[in-house]
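Chemist: this one's structure only:
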DNA sequence: CCTACCGATCGGTAGG
DNA sequence: CCTACCGATCGGTAGG
């Protein structure tokens, strides 16, 4: 038996590499316009070889979308866990948590925000109901803030919509190598958005 | 010479029909995932027949994207034309103008906002520079409002970004048959967004 | 506006 | 992980 070259142990599993590279491509070109051959080339292998690690193109999209959904829920739960924290402060921490998830992996976030519609049923419907639940949590937080007088807004639904829209625009312009750190961005966004909601300024 | 059945005169030109139907499909499925055969079927004709009215699939996308860009510029110019109008009021009218364009054709707006990346060069770069110019106009307006003391914001760039992001989220949830009229939506959005920017409330 | 078709490319599989 | 390939579908054209 002859000794063979020990293959370089991949730092991340091949599957994780595929997910990461696919996510970047999905973000740049969109899910439908990204071909499995492009993805394979980017990874230095042949198209057919991908299928020893994944079952389908959509499987990747599914993992990215639902993985991020989980991240958003986790961070929101942490931000709002402490019962003694004032509502406005909970909202601030929820905003910062949301921004943290967005900046941690902005490619995956962009896919989460824009490519979910290429999920086939029933995943698509399931995804949308998760997203609705998440929006609902923010709306409830804002409504409670208004009820206890810490926040004010002419229309709760509009306030929630504009808040999340502002945050979710981030992956369109965020660059990890930009001047501001994720924490600074989170802080400024929170200032900007709470500025319009807080009763006492 | 025998008289023949007079063909029904189309209310809109066939080309305009193609654009409208394609826009709805591009919005629902995305540009890349929409096939010319789907589009033809929707219009009740064969795929090949489309090409006596249009040159290519991308030509449609090009018309939609640049047509809407023109609409946004036109409405912004009208909103900010009068030199004697206070800056904050100009901003309010610019917001309402932007919302008016978005609600007038929300399918085209959604395509404008999300499908432009499927334009090939040089159209893509040209489009992005138009979009930058438009954003720049809003930023300049906000900056001037802060300079003269009518507006306040911790960060002009962030204020502009969150403002436009909030407005541009509208095509994602706007339904022409919803409870609120476009004017009411424009008004509430303006209230919500100016509420965080106005110096005197 | 249709019929008939082109070459290219797609996601995915069989067998090794 | 590769080679070789599958059937399906793509945008678009020629000729009428």
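Modeler: Cool, the structure landed. Only a predicted model underlies this, so the values are computations on that prediction, with no experimental measurement involved.

Chemist: what are the ranges of the helices in chain A?
Modeler: With DSSP state H, the ranges of helices along chain A come out as A:14-29, A:36-43, A:57-79, A:87-104, A:106-114, A:123-147, A:156-168, A:170-173, A:182-195.

Chemist: Which of those sits closest to residue B:130?
Modeler: helix A:170-173 (16.1 Å; C-beta to C-beta). Just so you know, the C-beta spots here come from the backbone N, C-alpha and C atoms, and that holds for glycine as well.

Chemist: average pLDDT for that closest one?
Modeler: Across helix A:170-173, pLDDT averages out at 94.

Chemist: Output the contacting helices and strands for it.
Modeler: helix A:87-104, helix A:106-114 (3 or more C-beta pairs under 8 Å, 6 or more residues apart in numbering or on different chains; DSSP states H and E).

Chemist: export the ones you listed to TSV and tack on distance to DNA strand D?
Modeler: Formatted as TSV, the helices and strands packed on helix A:170-173 follow (distance: least, C-beta to the nearest atom of the strand, whole Å):
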stretch	distance to DNA strand D
helix A:87-104	26
helix A:106-114	19
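
Chemist: Need those in TSV (columns: distance to residue B:189, mean neighbour count and mean pLDDT).
Modeler: Formatted as TSV, these follow (distance: least, C-beta to C-beta, whole Å; neighbours: other C-beta atoms under 10 Å in any protein chain shown; pLDDT from 0 to 100):
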stretch	distance to residue B:189	mean neighbour count	mean pLDDT
helix A:87-104	20	21	97
helix A:106-114	20	22	98
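
Chemist: Between the two ends of stretch A:50-64, what distance do you get?
Modeler: Distance between the two ends of stretch A:50-64: 17 Å, counting by C-alpha to C-alpha, to the nearest Å.

Chemist: How far off centre is it?
Modeler: 19 Å (C-alpha atoms, centre = their mean, to the nearest Å).

Chemist: Nearest to residue B:70, out of the helices and strands packed on helix A:170-173?
Modeler: Of all these, it is helix A:106-114 that lies closest to residue B:70, at 24.8 Å by C-beta to C-beta.

Chemist: quick one: contacts for residue A:146?
Modeler: Taking C-beta atoms under 8 Å, 6 or more residues apart in numbering or on different chains, we find residue A:146 in contact with A:152, A:153, A:156.

Chemist: And the closest residue in space to residue A:12 that isn't next to it in sequence, how close does it get to residue A:44?
Modeler: Closest residue to residue A:12 in three dimensions, ignoring its sequence neighbours and counting by C-beta to C-beta, 6 or more residues apart in numbering or on different chains: residue A:20, at 7.5 Å. As for residue A:20, its distance to residue A:44 is 14 Å (criterion: C-beta to C-beta, to the nearest Å).

Chemist: Between these two, point out the one with more neighbours.
Modeler: With neighbours defined as other C-beta atoms under 10 Å in any protein chain shown, residue A:20 and residue A:44 compare such that residue A:20 has more, 17 against 7.

Chemist: Tell me how far the more buried one lies from DNA strand C.
Modeler: Counting by C-beta to the nearest atom of the strand, to the nearest Å, the gap between residue A:20 and DNA strand C amounts to 17 Å.

Chemist: Report pLDDT for the residue nearest to residue A:12.
Modeler: According to the model, residue A:20 scores 98 on pLDDT.

Chemist: I'd like the distance between it and residue A:107.
Modeler: Residue A:20 is 8 Å from residue A:107, by C-beta to C-beta.

Chemist: which residues touch the residue nearest to residue A:78 when sequence neighbours are not counted?
Modeler: Of all residues not flanking residue A:78 in the chain, residue A:97 sits nearest, at 6.6 Å (C-beta to C-beta, 6+ apart). Residues near residue A:97 by C-beta under 8 Å, 6+ apart: A:75, A:76, A:78, A:79.

Chemist: what's the spacing between the third one and residue A:155?
Modeler: With distances taken as C-beta to C-beta, residue A:78 is found 28 Å from residue A:155.

Chemist: Enumerate the residues of chain A near chain B.
Modeler: Neighbours of chain B within chain A, by C-beta under 8 Å from any C-beta of the partner chain: A:29-33, A:114, A:117-118, A:153-155, A:158-159, A:161-162, A:164-166, A:168-169, A:173, A:188-189, A:191-193, A:195-197.

Chemist: sorry, back to before: quick check: the gap between the residue nearest to residue A:78 and DNA strand C.
Modeler: 34 Å.

Chemist: repeat for residue A:67
Modeler: The value you get for residue A:67 to DNA strand C, if C-beta to the nearest atom of the strand is used, is 19 Å.

Chemist: contacting residues for the residue lying closest to that residue once chain neighbours are set aside?
Modeler: Nearest-residue entry for residue A:67: residue A:108, 7.4 Å, with adjacent residues in sequence omitted and distances by C-beta to C-beta, 6+ apart. Residues near residue A:108 by C-beta under 8 Å, 6+ apart: A:23, A:64, A:67, A:68.

Chemist: Now, of those, which are buried?
Modeler: Using 16 or more other C-beta atoms under 10 Å in any protein chain shown as the burial test, these include A:23, A:64, A:68 as buried.

Chemist: any chance of those in CSV, with pLDDT too?
Modeler: As requested, those are exported to CSV (pLDDT from 0 to 100):
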residue, pLDDT
A:23, 98
A:64, 98
A:68, 98
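
Chemist: can you tell me which of these are up against DNA strand D?
Modeler: When the buried ones among the contacts of residue A:108 are checked against DNA strand D using C-beta under 7 Å from any atom of the strand, none falls in range.

Chemist: of those, closest to residue A:91?
Modeler: residue A:68 (20.9 Å).

Chemist: Next one: the closest one from residue A:101, what distance?
Modeler: In terms of C-beta to C-beta, residue A:68 sits 7 Å off from residue A:101.

Chemist: Need the overlap of contacts for those two.
Modeler: residue A:109.

Chemist: which residues touch residue A:15?
Modeler: A:53, A:54.

Chemist: Residue A:47 versus that one, what's the distance?
Modeler: 16 Å.

Chemist: for residue A:142, same thing?
Modeler: In terms of C-beta to C-beta, residue A:142 sits 48 Å off from residue A:47.

Chemist: So for those two, which residue has more residues nearby?
Modeler: For residue A:142 versus residue A:47, neighbours defined as other C-beta under 10 Å are more numerous around residue A:142 (22 against 13).
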